Each structure stands twice: as structure tokens, then as C-alpha cells.
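In: What follows is a predicted structure for the sequence shown.
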Amino acid sequence: MIENLLLGFEAAFTMTNLLFIAAGITLGIVIGAIPGLGSVTALAVLVPVTFYMSPVPAIAFLVGVNKGGTSGGAIPAILLNSPGTPEAAASAMDGYPMAKRGEATRAMKFALYSSVTGDTISDFLLIFLVVPFAAIALQFGPLEYTTVLLFAFALLAGISGRSPIKGLVAIFLGVFLSTIGLDPVDSTSRMTFDNVNLFDGIPLTALAIGTLALASILEQMFDLKRDPAQNRKVTKLAMQANTRLSPNEFFGYWKTIGRSALIGSGVGMLPGLGVTLAAFLSYGAARKASSEPDSFGNGNPEGIIATEAANSAVVGSNLIPTIALGVPGNIAAALLIGAFIIHGIVPGPFMLTMHGDVIYALFASMIMANFIHLVIGRLGIPIWANVAIIPKGLVLPPVILMCIVGVYLPGQSLFDVWIMFIFAAVGLVMRRTGFPVVCLVIGFLLGNMLETSLRQSMLLYKSDFSVILESPIALGFLFLTFFVLSRAMLKR
Amino acid sequence: MPDSSIFRTEIVTAACLAAVATLALVWLVPVNTQPAASELDISPAFFPMLAATLVLVLSLALIAELVFLSAKSTASHSIKTIVSELVIWGAVTFVMLACLPEVGFIAVSTTVIVLGGIAMGYRRWWVLTSLAIVFSVTVDFGAWNIFTVDLP
């Protein structure tokens, strides 16, 4: 493994790759710092830009965007009490009180250092755990895969929204949409209306950008239209009073850093749990473990450390199920799967053997990205604050155009732009009616895999599902599926 | 917003989903899917039918949950608001996509940024117009020079 990693560093340590990582991190921080956008929007819009790049810089660029976007959300949370991303909401609880007493720069340093440390711990866990995970995954046949996917769906539906039924509806709607196009086994056309544009199915980029990025922009624009007060100039708080943060002081919180990074990594490994849950779980755990729990919410740096270390730790560890099983840990990983597929790399246990060079170069890029993140983040602290206060009226319309360009670039087809606009409407309705959009996208992404594994199981076992009783793995995952679903239903 | 309008939103959405799933089951999948290549194969229609059936059953379960178990609503807007937003977005989409091949990306992009900014209450004309022009020209130039893609 060490040898592979060294080879990965050799492949990844090029000026082009470093520049793309730096560009990705900068873009991620800038977009993450704009309240309402965040890393998912950034990833969705920027995935098509990588079509013309070679795999390593392309994926490294997107990983940089994800890392930057996740930590960028803390900037408006600290300065404006308006988190750029949902996962940074807990950072606002202690970051904003610190900023109010003149410690904004210190709070932002705490956020950045925690983010980079959590991310680095998580990246090392990824590197060490992905091979054993993939080795286990190699034992899986189609039956086991079917049950793993059902378990991932159950987790996703149970946790991503307030209604598990709505989550399931969104997932199976996504699964249904994934069946449009040519049949994966027979290559006969399904629901294409003889339209050649649909033979390859609904384009993933159009669906993802439409439902995730464009629908979110539309939602904010309609809300802004109703409440233009959000557009008024926001004044950032003074940052000069107390700016110093020594390494000794920061690493004095090593227990909180380590605990939060492990919580974030653990949550990231399980499909569907999401970054926001990691951030709040970690915040709660830090508060519980503290000797001064009442100081949380009043400017305790441990609150920022717990949140930022945990939410950034999700970034690396959610690639464990993505690479080992082909099942994304969260929506950002789902978009990365899209990027892998675009570059001819099919995620799953064979990914390490078939594309080991790319994967280890990616791991090396992730480690290097953490150092670059630290440098860019530290140098940019005075600049990011200005990004956070740009009025939304000036930011949102250009993002719509970026969505159009992003979808048009790969296929140069206005048909894809039409599809994106239709899914923006679908995404808007889903957001307004409380259906989790993330479930639709992941259902769409995994639908093909579920169909293939289910049909293979049916052919292999002649549709006799009693064979599940002979497979402890399948039985275990099926039990977990029922447990998660019934627990979520009873909770509701 | 009164709870009854949110409740109506939930019911109407679930009913629409059930209707779409039914349409898929009785027409969309059976009529627009080719049969299996051999008798031993599983029909290509099997999986889409299964997914559509699950959407139908779950949509009906959602209605039942709302009506009989008085489950908490998770919708945030009334059906009237959602429909009005869809109509506006539909009109914008149609105009944008009709104009793109006719007048080109730069003109459409500049107009969308200016009108979008104004619609959201931003009133600094010179900033908005400068941004619209610089952004549109830069993106068009970048798409051609970096990706050799000629935007419409």
C-alpha cells in the first residue's frame, strides 16, 4: 500500500495537478462562503467542466472543490451568523459570539485549522480502510449487492428527510427515471419515444445540476423576491481585536479534534447520513464532554472545532463506500461517482485493481490538497469575508448561466439544457413539498446498479429468494434495512 | 400560512405522484418498452414496472398517513404558490431556450443577469450591467478558448 501511495504521489505531484487542486479549493471556499450555495452546488456546476480534463487532475479538482466548499461555509457563519452551508450552522453558534467580541479572525483560524486536521485524519482512514473494505466487497455476489443497496436506500430515506415515506418515494422515483434509455441487459429501448438523445438515458449532469443546483438557486430567488430585505447590505464585523492563535493553543484541544474527526469519519462511512448530522453529533458530543457545557453557544472555540473537524472529516471517509462498494456516502460522493463514470472509471471493488494508479494518485492529491487548503485558507481570511457579503441579487443570476454552460459543454446539446430546466422545476417542487432531493439523485445514480444486481440474482437463483437465508451477509443487510426503516417510521 | 393549505399541498402532491405512477404502469412502460429478446430473459419492463409500483404504493401510503394518522406536514408552501412559481419558471425557461439559438448566449446571458438582479431587488445599475457584460463575454470567450465549445 505504501508503495502504491508513493507511486500515487509521483503521479499527482505535477504543477498542473497542484494548480487544479488550488483552483478547486479556492472556488470551493468562495462558493461555500456565499450563503445558500455550498459545496454541493459548486460540485454540481463544476463536474461538467472536468469533461475535457484527464482523470487525476479532474477528480483532484473536484475533491478540492468539495474540501473548500465544506470549510467555506464557516466564513459567513462566523461573520454574519448566516451559515453558507447547513453543516456550518453549528459553527455560527460559537463563531458569531466570538466575532462579536472582536475575535472573528481567531474564530476563522480555529475553523480552518480544525477543518484541515479533521480532513487529514479522515483521508488517512480512507487510505488505510479502503483496501480491507474492498476485499470484503469482493465477497459480495449480486444478491448481497441488492441487499446492500436496499440498506443504503433505507438509511437515506430514514435520515435525510422528516418523512421516511417521502424519502422512499423520491428514491424510487429516481430509480424509475434511471430505467429510461437502453435496457442494461438486452439493450432494447425503454421509454425513449425513439428519441436518440434518450438512448443513453437521462443525462446525470442535467438531472443533478437541475435538481441540486438550479432548483436551489430558484428557491432562493423566489424567496428573495418575496423578502427583498435579504438583499440589503450586510456589514461584516470587526476582525482586528484578537487575531492570534498559536499551534499550542489549537492542539491543546486535541481531544475534541480527535473525537470530532472520528465522529465525522464514522458518519461519512455510512451511506446517506450526511455532513450536517456529523457536525451536530460532534457538537453535541463536545458539549457533553466539556467541563463547561454552558459556555457552548457563547463563543467557546471547542464548538467551532467540533463542527468543522467533523464536517470536513466526512469528505474523505465518504469515499470509502464509494470506492469499495460503488455506493456513495453522501450527495457530494454521488456527484464524484458521476465524475468517475464520466472519466471511464466504474466505482466498486474492482476500481482498485483496474484503476489503482488513478485511485492512489487521487489519495495523494487529497493529502496534498489539505496542505494547499491550509495555505490558501490562511492567506485568504481577509478576502473571504468580502465574498460572504456580496448581495444575492448579484450572485444568483450568473449561477443560472453557469448551470446552462455546465450542462451544454459536454454534449453541446440544447436537449440536455431542456432536461436540466425540467428537473429544476421537479427539484423546486420537491423542496417546497418536503421531498428530499438528495434521495432522488442517489436513487437515480444507483438505480442501474440495483436493476442489474436484482436481475442477475433472479436469473442466477431462478427467482427463488429463499436463497437469502443461505447468505448471512444478505440476511444481515436485509435485517438492517427493516430495522432502519421500522425505526424511522415509528419515530415519525 | 394556514395548516390546511399545507395539508392540501401534501395531499395534492401525493395524489399527483400516484397518478403519474399509474400512468407509467398502464401506458408509459408497457407501450414504450420492447419485449425481452428470449423467453428465458427477464422482461425489460420488469424493473421499471417494479419501481413505478413502489412509487404508487408509497404515494398511497403517504396519503393514508396524512389522512388517517394525522402525520406532520413537511411541505413549506401552498399549492397556489408552487404552481405560480412553476408558471413563472416555465415562461422563463421557454423564453430563454427560444432566444438562445436565435440571439446567442451573450445577449441572453446579459439580459438574464440584469433582469434577474432587478427582480431580486438589486438596484445598482452600473454594477449589475457591468457584471452582466463582463461575465457573459468572459464565459463565452472561455468556453471557446479553453474547451473549444461554441456556445449557442
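Out: Okay, I see it.
In: right, and A:Asn4 touches A:Tyr360 too?
Out: Yes. Using CB atoms under 8 Å, A:Asn4 makes contact with A:Tyr360 at a distance of 4.6 Å. All C-beta atoms are positioned from the backbone trio N, CA, C, and that covers glycine.
In: Where does the prediction get shaky in chain A?
Out: A:35-36, A:82-86, A:159-161, A:228-242, A:271-274, A:385, A:388, A:492 (pLDDT under 70).
In: Okay, domains of chain B per the record?
Out: B:3-68, B:79-147 (automatic domain parsing).
In: re the thing from before, who has more neighbours, A:Asn4 and A:Tyr360?
Out: A:Tyr360 (24 against 18; other CB atoms under 10 Å in any protein chain shown).
In: Next, give phi and psi for the more buried one.
Out: With angles defined as degrees, to the nearest 10, A:Tyr360 sits at phi -70, psi -30.
In: my guess is it meets A:Ile2, correct?
Out: No. A:Tyr360 is beyond contact range of A:Ile2, at 10.3 Å (criterion: CB under 8 Å).
In: So which of the domains of chain B is the most surrounded?
Out: domain B:3-68 (a mean of 18; mean count of other CB atoms under 10 Å in any protein chain shown).
In: Report the rounded mean pLDDT for it.
Out: Mean pLDDT, domain B:3-68: 90.
In: what about A:Val358, distance to A:Gly443?
Out: 27 Å (CB to CB, to the nearest Å).
In: now A:Met420
Out: With distances taken as CB to CB, A:Met420 is found 18 Å from A:Gly443.
In: same deal with A:Val30?
Out: 31 Å.
In: ok, these two, which is more surrounded?
Out: A:Gly443 (27 against 21).
In: For that one, give its distance to B:Thr81.
Out: Using CB to CB, which is the criterion applied here, A:Gly443 is 26 Å from B:Thr81.
In: Please list all residues in contact with residue 25.
Out: The chain I'm using is chain A. Contacts for A:Ile25 (CB atoms under 8 Å, 6 or more residues apart in numbering or on different chains) come out as A:64-65, A:67-68, A:369, A:372-373, A:376-377.
In: hmm, I had chain B in mind actually
Out: Here B:Leu25 is in contact with B:49, B:52-53, B:56 (CB under 8 Å, 6+ apart).
In: next one: A:Phe222
Out: By CB under 8 Å, 6+ apart, the neighbours of A:Phe222 are B:85, B:88.
In: ok so it is a helix residue?
Out: Yes. Judged by DSSP: H, G, I helix; E, B strand; the rest coil, A:Phe222 forms part of a helix.
In: Show me the helices in chain B, by range?
Out: B:3-23, B:29-32, B:46-68, B:79-103, B:105-119, B:125-147 (DSSP state H).
In: Helix B:79-103 and the first one, what's the angle between them?
Out: What it means is helix B:3-23. Angle of helix B:3-23 versus helix B:79-103, following axes from the mean of the first three to the mean of the last three CA atoms, to 10 degrees, is 60 degrees.
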